[in-house]
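Student: Next come a sequence and a model predicted from it.
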Amino acid sequence: MSDAVIKVDGLWFAYKDNEYVLQDINIQFDDRPTAIVGQNGAGKTTFVKVLKGLLKPSKGDVWISGTNTKETTVAQLSKIIGLVFQNPSDQMFKSKVIDEVMFGPQNIWKDKKDKNFVYEQSIKALKIVELDNKLEEHPYDLTLSERKLLCLASVIAMDPKIVILDEPTIAQDRFSTKKIAGIIEELVKDGKVVLTITHDMDFVAENFERTVIFYQGQVLDDGPTEKVLSNEENVATAHLELPNLVRLAKALDFKTTPLTIDDFVEEFSTYKKAGD
Amino acid sequence: MDNVSTLSAKISIEHLTYRYPFAKNRSLEDITLSIDAGQSIGIIGRNGAGKSTLCYTLSGLIPRFFHGKIEGSIKIDGEDVPTMSVEKLIRKVGLVLQNPFSQISGAKMTVYEEVAFGLENLGIEKDEMHERIDTVLKQFDLYKKKDENPFELSGGQLQRLAIASVLALQPEILILDEPTSQLDPRGTTEVFEAISQLKTLGITVIIVEHKFEKLVEYVDKIALLNDGKLVEYDTAEKIFSMPQIEDYGVGQPIYTALCKRMGLKKPNGYYPVSFNETVTLLNGLKMYE
C-alpha cells in the first residue's frame, strides 16, 4: 500500500443546519482502484463533491495531496482532482467535441508557452476513450454513452492525479461498460488514483481491488472487495445486493468469494473434487 | 397460417421502417414481429440499436411527438397505431420512461394526486377514480405513502409511482423503457417485483433492459435489435446460446457466460440463462461426477 493521496479526518457535512448527510467520516485513499457503493441517498455523491472541494466540510478536514481543501480554491484543486458527473448534460456546454475537451486544459495551462500542448493533451484523452474520430461533432449529436465518455475525456485531458467517476455505467450497455472498465484500468496503470461510485455490483466485483460501503452518511464497511462482498449482512444492511457470481457461490456452499468467472471456475473444480 | 397468427396477435408489426427528422440513418429498418396478448417481451440491443425508438412507435409517440417518416405497419388489435385516436391509444398502451423524474407531472403535491392526474384527464367518474387509485397504490406498496410529496420518495418508489400512474389508466399493453437504469439494487428489485405482478393481471408487457440476469426471469421472449434491425426474436435461452451473440455488443447473463466457459449446457442443448437453472446444473454436476 502506498501513501494516502486523499485523507479525510472527522468529516461531517450538512446542506441544511444540523441535518448531516455525512457523519464522522475517517478514511484514506491510495492508488488501489476503489469502488464506493451504497443505495440512493447514502451520501456518496455528496462525499465526492466534498473531496473535489465543491462543498466545504461542515466539520473536519479533507487533505488532497497534502493540501487542506479549506485552504485552497476549487480552481487549484481541479489540477489535482477531476470529477466525472453522473449526468453528462451537467458538464457539457461547447459545440464541438474537441472544444469541449480543450476547455479545462486551456484554463489550467493558460500560461503554457507551447500552444500545441493543450491540443495534444486533449487528443490523447480522446484517444483513450476512443472518440478521437469525432472531434468536429456536436456533443449533443453523440449517443448518451459517447457523451459520458466525452465527459471522462474532458477530465482526463487535465491530467489530474485523482479521477472520480460518479455512476459511469448507468444506462450503458455491456459493451460500453467493458470499455469503461478498460479505461479505468489504463488510468490506474498510468498512476492515477481512481474512485468510482456505482450500483453495479458485478462491475465492482470484476474491476475494483477495494470497496467502501456507504450507508446513511457513514462508512459501513471498507476493505478488499472480496472481503467486503463476502459479508452478506453488511451488504443487506446497506440495501445492496451480492454480485451474481457471489450469490451463486453462496447457493452452492462455496467456502470462498469468487469475484470473476475465472475465480469461480477455479473454485468449482476444487469443490467438485471435495464432493467426490 | 401466417395470416392467422397476425390476426390473433395483440401487436403486429410488419416491415416497420422509421427515420427521425433530419437524421442520416434509419433508426428502425424493416422490422416484422408479433406479440400475443398477455406475453412479456424483452427488447435488448446495444445503445443506439433502436430499442427506445421501437417503444415510441408502439406507444404512438412516433409520429405524434417525434415526426419523421414511417413505412410499413404497426397495429394493435388489428388497428393502425399511427392513425388511432389518442383517446383510444391511451387506453390501449402505457409507456414508462427511463427516468421517473421525466414521467411524473411534477405539478402534484401528493402521491395520490399524481395518480389521479392521468385519470382526471380521461374524465373517469369520481368513485371509479378513487377505487382505481387505491387499487394501484396497494398493488405497488405505495398506499402508506399516498399523502407524501412524490419528490420525497426514493428512486425505486418514484419509479413504482410512475408505473402505478400509468396502470391506473388500465392499459392493455405496458411498455417500460429501461425502468431500472437510474435505480439502486433495492429499487431495481422493487420494480421487477412490480413487473411480475403485471403478468398475473394479463397485461402485455414490453420491457427494454440491460440487466439480463433480472430480465430473463420475467420475459417469455426476447427481441434482439442491432442497427435498427431485428436480428432474432426468440426465447432467452435460444438468444443467448447463439454463437454470434457476442457480435452484437449486448453481452449475456453472467450465468450464461459462466456456463459457456465451463462448457455446460442444459439437457435441451441450450445454455442456462437464470440463477436457478445454473444452480440446478452445477449441483447436478457435483452429485453425478
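Tutor: Received the coordinates, thanks. Residues are numbered from 1 along each chain as shown, chains lettered A, B, ... in the order given.
Student: what residues does the stretch 1-150 of chain B put near chain A?
Tutor: On the criterion Cβ under 8 Å from any Cβ of the partner chain, chain A has as its neighbours in the stretch 1-150 of chain B the residues B:45-48, B:98. (Each C-beta comes from the backbone N, C-alpha and C, glycine too.)
Student: Only the buried subset of the residues you listed, as a ChimeraX command please.
Tutor: Once 16 or more other Cβ atoms under 10 Å in any protein chain shown is used to decide burial, the buried members of the residues of the stretch 1-150 of chain B next to chain A can be selected in ChimeraX as follows:
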select /B:45,46,47,48,98
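Student: Output the residues of the stretch 1-150 of chain B next to chain A in a markdown table, with distance to residue B:234 and secondary structure appended to each entry.
Tutor: Shown next, in a markdown table, are these (distance: Cβ to Cβ, whole Å; DSSP: H, G, I helix; E, B strand; the rest coil):
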| residue | distance to residue B:234 | secondary structure |
| --- | --- | --- |
| B:45 | 14 | coil |
| B:46 | 18 | coil |
| B:47 | 22 | coil |
| B:48 | 22 | coil |
| B:98 | 25 | coil |
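Student: Give me the nearest residue to residue B:253, chain neighbours excluded.
Tutor: Spatial nearest neighbour of residue B:253, chain neighbours left out: residue B:212 (4.4 Å); criterion: Cβ to Cβ, 6 or more residues apart in numbering or on different chains.
Student: Correction: the previous question concerned residue B:81.
Tutor: Using Cβ to Cβ, 6+ apart and skipping the chain neighbours, the partner closest in space to residue B:81 is residue B:74 (4.7 Å).
Student: which secondary structure element contains that neighbour?
Tutor: When elements are defined using DSSP states H and E, residue B:74 is found to belong to strand B:69-76.
Student: so what strands line up beside that strand?
Tutor: strand B:11-19 (antiparallel), strand B:79-80 (antiparallel) (DSSP bridges).
Student: buried residues in the helix or strand that the last one is followed by?
Tutor: Right, the one you point to is strand B:79-80. Beyond strand B:79-80 on the C-terminal side, the first helix or strand identified by DSSP H and E is helix B:86-92. Along helix B:86-92, the positions that meet the burial threshold by neighbour count (16+ other Cβ under 10 Å) are B:89-90, B:92.
Student: Can you spell out which helices and strands pack onto helix B:86-92?
Tutor: In this structure, helix B:86-92 makes packing contacts with helix B:111-122, judged by 3 or more Cβ pairs under 8 Å, 6 or more residues apart in numbering or on different chains; DSSP states H and E.
Student: Backbone dihedrals for residue 51, please?
Tutor: Looking at chain A here, since you left the chain open. Dihedral angles of residue A:51 (phi, psi; degrees, to the nearest 10) stand at phi -60, psi -40.
Student: before we move on, what about the one 5 residues further on?
Tutor: In this entry, residue A:56 is assigned phi and psi values of phi -100, psi 140 (degrees, to the nearest 10).
Student: do residue B:224 as well
Tutor: Dihedral angles (degrees, to the nearest 10) for residue B:224: phi -100, psi 120.
Student: Same question for the one 5 residues further on.
Tutor: The phi/psi pair for residue B:229 (degrees, to the nearest 10) reads phi -110, psi 150.
Student: quick one: contacts for the closest residue to it other than its chain neighbours?
Tutor: Using Cβ to Cβ, 6+ apart and skipping residues adjacent in sequence, the residue nearest residue B:229 is residue B:29, 5.0 Å away. The contact partners of residue B:29, by Cβ atoms under 8 Å, 6 or more residues apart in numbering or on different chains, come to B:17, B:227-229.
Student: May I ask you to confirm that residue B:29 belongs to a strand?
Tutor: Yes - secondary structure assignment (DSSP: H, G, I helix; E, B strand; the rest coil) places residue B:29 inside a strand.
Student: What mean pLDDT does stretch B:71-82 get?
Tutor: The average of the pLDDT scores along stretch B:71-82 is 95.
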